[in-house]
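Asker: sequence isn't available, so here's the structure alone:
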DNA sequence: TAACCGTGGAG
DNA sequence: TCTCCAAGGTT
């Protein structure tokens, strides 16, 4: 089977970036540095593929210091793939509460059930099997294959693209998916065959500690002698990254409805879109209606006499692609009434049993 | 492809 | 306050 025209062009492109590159010496210097300075992180205690998997999912778009306490609690609560598979989704979401990107938790839970059903609870080490699991994309695939199974597969994350764009002077826009694929092809040429785990982790550790987005510590860089950007004084210009779009803004009324014996009405979000299956206080998107109309609307919506008792502090919540402005209203009712399928009444102390997004945690914190 | 999907830290 | 960005994946 001969390579296609496209593949030939791609190989040529990789050639231009790697032809004058001494990958043997680079590997050696990078790996030796990593062995000396690597941080003592909880997921580096052993090579358990399940723990590597959990850590890599949590670390997606999330800083190490944020992940550490979540990882420790999660592994204590769900020590094995089978233990996680046997858990309820609500438990898993609760353990993920506050970490964000909740599809990661739901996909991990789904995938672990598949591992239990199809692979006897053992995380597969075949690349084809691993890559079909929900939530395991190209980066995580390479990370698990290399870190857990010592197999030379590229693991291209933001750190790796930043480091290699500088070392090899690659000016492609790292927002583009085809650029990530370019880096994967480059790494297939230069990855260590004997210690791909330290090679991949070394690139990421270098990006985190030395080759930082701002104020890179080039003086102390273990591979500065290979760095074309440093040689040409272009470190600050790389990587090239398209600007992010501005978030859209949305306004909501939130109804905190409390009974005389201090039960609160909460509702479960849908299985689609934002914050799937998380809980919240009933909320309604608003465009132009005012406070008075909202009070009438709430009474009509629930078909029950509900007494407005005052406003709580408004909440502004910034997502990656969205900004919520929540106007929070407090209502009193005499007792719990039938409110609908996805709704339930919960005592104040029991609110902590349910997974809420941070926006609604900010509301709960005002109850004291 | 580009939009969607969270949250918190750092400059 | 504002902007970027952090061990990305899915659709």
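Answerer: Yes, it's here. Note that the structure is predicted; figures quoted are calculated from it, not measured.

Asker: got the end-to-end distance for stretch A:44-52?
Answerer: Length of stretch A:44-52, first residue to last, CA to CA, to the nearest Å: 8 Å.

Asker: buried residues in that stretch?
Answerer: For stretch A:44-52, the neighbour count (16 or more other CB atoms under 10 Å) marks A:48-52 as buried. C-betas here are computed from N, CA, C, even on glycine.

Asker: shaky segments in chain A?
Answerer: Applying pLDDT under 70 to chain A flags residues A:1-3, A:289.

Asker: pop the domain breakdown of it in here.
Answerer: Domains of chain A are assigned by automatic domain parsing as A:5-237, A:248-367.

Asker: who does the lengthiest helix in chain A touch, helix- and strand-wise?
Answerer: Counting by DSSP state H, the longest helix found in chain A is helix A:103-119. Applying 3 or more CB pairs under 8 Å, 6 or more residues apart in numbering; DSSP states H and E, we find helix A:103-119 packed against helix A:49-58, helix A:81-85, helix A:89-96.

Asker: is the first one positioned near DNA strand B?
Answerer: Spelled out, it's helix A:49-58. No. Under the criterion of CB under 7 Å from any atom of the strand, DNA strand B is not reached by helix A:49-58; the shortest gap measures 8.9 Å.

Asker: next, the angle from that helix to helix A:103-119.
Answerer: Taking axes from the mean of the first three to the mean of the last three CA atoms, to 10 degrees, one finds helix A:49-58 and helix A:103-119 inclined to each other by 160 degrees.

Asker: tell me the angle of the longest helix of chain A relative to helix A:89-96?
Answerer: Between the axes of helix A:103-119 and helix A:89-96, defined by the same axes, to 10 degrees, the angle is 130 degrees.

Asker: so what touches helix A:103-119?
Answerer: Contact with helix A:103-119 is made by A:53-54, A:57-58, A:60, A:81-82, A:84-87, A:89, A:92-93, A:95-96, A:99, A:121-124, A:129, A:133-136, A:276-277, as judged by CB atoms under 8 Å, 6 or more residues apart in numbering.

Asker: quick one: distance of the helix or strand that comes right after it to the chain centre.
Answerer: Downstream of helix A:103-119, the first helix or strand assigned by DSSP states H and E is helix A:127-131. Centroid displacement of helix A:127-131 relative to its chain, using CA atoms, centre = their mean, to the nearest Å, is 21 Å.

Asker: so helix A:127-131, near DNA strand C or not?
Answerer: No. Contact of helix A:127-131 with DNA strand C (CB under 7 Å from any atom of the strand) is absent, the minimum separation being 8.5 Å.

Asker: buried ones in that helix?
Answerer: So for helix A:127-131, counting by 16+ other CB under 10 Å, buried means A:130-131.

Asker: give me the buried entries from the contacts of helix A:103-119.
Answerer: Neighbour-count burial (16+ other CB under 10 Å) is assigned, among the contacts of helix A:103-119, to A:53-54, A:57-58, A:60, A:81-82, A:84-85, A:87, A:92-93, A:95-96, A:99, A:121, A:123-124, A:133-136, A:276-277.

Asker: return only those of these found close to DNA strand C.
Answerer: Restricting those to those near DNA strand C - CB under 7 Å from any atom of the strand - leaves A:60, A:134-136.

Asker: okay if I get the residues you listed as TSV plus secondary structure?
Answerer: Listed next are those as TSV, based on DSSP: H, G, I helix; E, B strand; the rest coil:
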residue	secondary structure
A:60	coil
A:134	coil
A:135	coil
A:136	coil
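
Asker: tell me if I'm right that residue A:211 and residue A:221 touch.
Answerer: Yes. Counting by CB atoms under 8 Å, residue A:221 is a contact partner of residue A:211 at 6.7 Å.

Asker: between the two, point out the one with more neighbours.
Answerer: Taking other CB atoms under 10 Å, residue A:211 and residue A:221 do not tie; residue A:211 has more neighbours (28 against 22).
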